[in-house]
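Colleague: With the sequence up front, the predicted model follows.
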Amino acid sequence: MSQARFGRGDRVRVRRADVPGHLRTPRYIRGHEGEVERICGFFANPEELAFNRHGLPRRALYRVRFRQADVWPDYDGPATDTIDVEIYEHWLEQA
């Protein structure tokens, strides 16, 4: 198991990619910036497990917090509203 690339409070951007197959990263969050809320642990890659592959090496899974107004431009709720999404490290880059 490797060390996590990002830590709590780091600003990250979700890769904007349109790849085929089983993905755990929602399309609506791709390309957006957020803040790492926590590291959830290291797990086998579910994108590989879906194809009956071993999913190794294990990947860091992060809970990333996004401002809802940044995700949905027409969002008219309070500016402090957020959404948390769990995203594997290979989908993240430094913002």
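Modeller: Everything's here; your move.

Colleague: Contacts for stretch 41-60 next, please.
Modeller: Stretch 41-60 is contacted by residues 1-2, 4-6, 21-24, 39, 61, 88-90 when judged by C-beta atoms under 8 Å, 6 or more residues apart in numbering. C-beta coordinates here come from the backbone N, C-alpha and C atoms, glycine included.

Colleague: pLDDT score assigned to the nearest residue to Gly77 once chain neighbours are set aside?
Modeller: For Gly77, ignoring the flanking residues on the chain, the nearest one in space by C-beta to C-beta, 6 or more residues apart in numbering is Gln68 at 6.4 Å. Here, the pLDDT recorded for Gln68 equals 97.

Colleague: How many neighbouring residues does Gln68 have?
Modeller: Neighbours of Gln68 under the rule other C-beta atoms under 10 Å: 15.

Colleague: from the contacts of stretch 41-60, which has minimum pLDDT?
Modeller: Among these, pLDDT bottoms out at Met1, giving 56.

Colleague: what residue ranges in this structure score low on pLDDT?
Modeller: 1, 22 (pLDDT under 70).

Colleague: Which stretches in it count as strands?
Modeller: Here the chain has its strands, by DSSP state E, at 11-14, 33-43, 59-67, 82-88, 92-94.

Colleague: Pick the most deeply packed of those.
Modeller: Here the criterion is mean neighbour count by mean count of other C-beta atoms under 10 Å, and of the strands of the chain the winner is strand 59-67, at a mean of 20.

Colleague: what pairs with the closest residue to Phe6 other than its chain neighbours across the strands?
Modeller: Nearest residue to Phe6, sequence neighbours excluded (C-beta to C-beta, 6+ apart): Val36, at 5.1 Å. Following DSSP bridges, Val36 is listed with bridge partners Val64.
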